[in-house]
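Chemist: Curious how this folds, go ahead:
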Amino acid sequence: MGDDNRYDASHIEVLEGLEAVRRRPGMYVGSTTARGLHHMVLGVFEHAVNETVAGRIRAVEVTLLEDGGVRVADDGAGVPFGSPGDDGGPGLEERLSHFYVWRSPLDRNRVWAWSGGIELAVVNALSARTTAEVCRDGVRWVQEYARGTALAPPAAAGTTDRTGTALTFHPDPSIFETVDCSFGHLAERFRELAFLYPGLDVTVTDERAAGAPAVQRFRSTGGIRDLVASLTATRSLAGPEDVIAFGAEAPRMAGLVDVALSWSAVERRQVLGYANGRATLHGGTHEEGFLAGLAGAVTTHARACGALSATDPALGPETVGAGLTAVVSVKLDAPEFQCSTRTRLGGEQVRDAVEESVRAGVLAWLAERPERAARLMERWTA
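Modeler: The predicted model follows:
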């Protein structure tokens with residue numbers, strides 16, 4: 001082999017700080033199009049949700065600013081810049097400047113989302129400028145960044161009677177093809193998230209349009225049951241009361257399973273999957289387990305009530321999925337995502353745990369409502 005083909009340490013460039021994120025932004029936010037832009041907004045939102053405290057008013061405000069920036073503010077206790085927050089995680093300056101591994105125990109009864117420990121640093125690195133604000137212990141603290149680098153240490157900027165953390169970032173136009181967020185897209189996404197986090201108050205404001213700002217506010221008390229009911233309100237097979245909803249602890253996958261589903265006369269199947277609050281746009285093992293558990297439960301009930309004989313083939317996901325609208329949400333201590341943007345969930349234990357939970361939950365619902373179950377059996381076995 002000639003000298004020109006040698007590969008040694010001289011060929012390796014060591015990137016300092018967050019420069020690797022700026023060199024390869026698609027590895028961290030999936031795209032430099034509007035999709036990656038919205039991914040950043042949702043990442044900051046996840047951290048804001050993590051900072052809300054159970055038992056108090058829980059609210060997150062997202063504002064699309066007139067100058068093109070995005071502000072995400074929560075009403076939590078306020079994450080101190082230099083020391084661990086109340087959740088045991090690193091201080092805000094550390095979160096904005098480095099990747100880290102979250103090691104504090106998770107309380108699944110809280111309103112929380114898993115953000116993997118990198119989102120704030122990624123957002124900061126891919127923003128032309130960022131302003132972090134913390135209101136805590138009667139003091140408002142502020143720190144400014146430019147392209148991921150702190151311009152000065154955090155500084156006190158006055159007194160306040162509020163608490164909370166706010167991050168205002170301006171996506172870097174030298175990296176993104178567009179820095180114009182879609183209010184409609186984000187409002188629809190936050191509408192979904194309000195269903196996933198019952199009791200959380202989410203307000204989205206667009207200050208860019210001429211005239212009065214556009215404002216949408218979302219809050220749900222019924223959770224994903226209400227989400228499925230809203231999706232099927234105009235085309236339900238037997239009425240919104242027929243939404244099946246249940247949740248269960250799943251020790252096998254170290255997490256929780258929450259499911260809601262209903263059928264309509266429309267043949268199209270719509271299954272929305274979420275892992276720790278994040279939409280799994282490319283599916284994953286939780287959705288596979290859901291469909292397997294649903295088909296197994298329906299087949300078992302059909303045989304028990306005589307709608308299927310012992311020799312008839314089992315009903316498959318294609319059959320029971322016709323006209324189905326469902327939401328499958330899992331909360332996991334250690335989720336295994338199959339891509340850097342975490343849009344597909346992995347883990348065989350997740351598939352098995354969800355399948356088991358769905359089979360038990362659907363069988364119980366069918367047994368308790370024989371008349372409604374009979375109408376569904378006619379649909380599948382006719």
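
Chemist: where do the strands sit along the stretch 251-382 of the chain?
Modeler: Per DSSP state E, counting those that start in this stretch, the stretch 251-382 of the chain carries strands over the ranges 255-263, 270-275, 278-279, 324-332.

Chemist: Dump those strands to TSV, plus mean neighbour count, mean pLDDT and distance to residue 30.
Modeler: Where you see a C-beta, it was placed from the backbone N, CA and C, and this is true even at glycine. Below are these laid out as TSV (neighbours: other CB atoms under 10 Å; pLDDT from 0 to 100; distance: least, CB to CB, whole Å):
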stretch	mean neighbour count	mean pLDDT	distance to residue 30
strand 255-263	24	93	24
strand 270-275	22	93	16
strand 278-279	20	85	12
strand 324-332	25	93	21
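
Chemist: Test my guess that residue 167 contacts residue 127.
Modeler: No - between residue 167 and residue 127 there is no contact under CB atoms under 8 Å: 9.5 Å.

Chemist: need the strands of the stretch 251-382 of the chain in CSV with distance to residue 213, can you?
Modeler: What follows is the strands of the stretch 251-382 of the chain, written out as CSV (distance: least, CB to CB, whole Å):
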stretch, distance to residue 213
strand 255-263, 33
strand 270-275, 29
strand 278-279, 26
strand 324-332, 30
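
Chemist: out of those strands, nearest to residue 360?
Modeler: The closest of those to residue 360 is strand 255-263. By CB to CB, the value is 10.2 Å.

Chemist: Give me the angle between that closest one and strand 270-275.
Modeler: Relative orientation of strand 255-263 and strand 270-275, computed by axes from the mean of the first three to the mean of the last three CA atoms, to 10 degrees: 170 degrees.

Chemist: Give the other helices and strands that strand 255-263 contacts.
Modeler: Packing contacts for strand 255-263, counted by 3 or more CB pairs under 8 Å, 6 or more residues apart in numbering; DSSP states H and E, involve helix 224-231, strand 244-250, helix 285-304, strand 324-332, helix 348-368.

Chemist: deepest of these, which one?
Modeler: strand 324-332 (a mean of 25; mean count of other CB atoms under 10 Å).

Chemist: burial count for the spatially closest residue to residue 254 that is not a sequence neighbour?
Modeler: Spatial nearest neighbour of residue 254, chain neighbours left out: residue 333 (4.4 Å); criterion: CB to CB, 6 or more residues apart in numbering. Using other CB atoms under 10 Å, residue 333 has 13 other residues around it.

Chemist: mind checking the backbone torsions on the nearest residue to residue 59 once chain neighbours are set aside?
Modeler: Distances taken as CB to CB, 6+ apart place residue 201 nearest to residue 59, at 4.0 Å, with adjacent residues excluded. As for residue 201, its main-chain torsions (degrees, to the nearest 10) stand at phi -100, psi 120.

Chemist: give the contact list for residue 67.
Modeler: Each residue near residue 67 by CB atoms under 8 Å, 6 or more residues apart in numbering is listed here: residue 170.

Chemist: Quick check: it vs residue 318, distance?
Modeler: 50 Å (CB to CB, to the nearest Å).

Chemist: which residues of the chain score low on pLDDT?
Modeler: 1-17, 52-57, 84-89, 101-118, 234-241, 340-341 (pLDDT under 70).

Chemist: before we move on, the earlier item: export the helices and strands packed on strand 255-263 to TSV and tack on distance to residue 60?
Modeler: TSV is the format used below for these (distance: least, CB to CB, whole Å):
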stretch	distance to residue 60
helix 224-231	18
strand 244-250	23
helix 285-304	25
strand 324-332	18
helix 348-368	27
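
Chemist: Out of these, which is closest to residue 159?
Modeler: Using CB to CB, the nearest of the helices and strands packed on strand 255-263 to residue 159 is strand 324-332, at 37.8 Å.

Chemist: tell me the centre residue of this protein?
Modeler: residue 278 (1.8 Å; CA atoms, centre = their mean).

Chemist: who touches the closest residue to residue 361 other than its chain neighbours in this structure?
Modeler: Residue nearest to residue 361 in three dimensions, not counting chain neighbours: residue 246, with 3.9 Å by CB to CB, 6+ apart. Residue 246 is in contact with 258-259, 357, 361, 364-365, counting by CB under 8 Å, 6+ apart.

Chemist: Now flag whichever of the residues you listed is closest to residue 19.
Modeler: After measuring these against residue 19 - CB to CB - the closest member comes out as residue 258, at 40.0 Å.

Chemist: Let me see the ranges of the helices in the stretch 51-200 of the chain.
Modeler: Counting by DSSP state H, counting those that start in this stretch, one finds helices in the stretch 51-200 of the chain at the ranges 92-97, 119-125, 183-196.

Chemist: Now the shortest one - C-alpha only, PDB.
Modeler: Meaning helix 92-97. C-alpha atoms of helix 92-97 as PDB (Å, rounded to 0.1, in the frame of the first residue of the first chain):
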ATOM      1  CA  LEU A  92     -28.600  24.900  33.700                       C
ATOM      2  CA  GLU A  93     -25.200  26.100  32.500                       C
ATOM      3  CA  GLU A  94     -24.000  22.500  32.300                       C
ATOM      4  CA  ARG A  95     -27.100  21.500  30.400                       C
ATOM      5  CA  LEU A  96     -26.600  24.300  27.900                       C
ATOM      6  CA  SER A  97     -22.900  23.600  27.400                       C
END
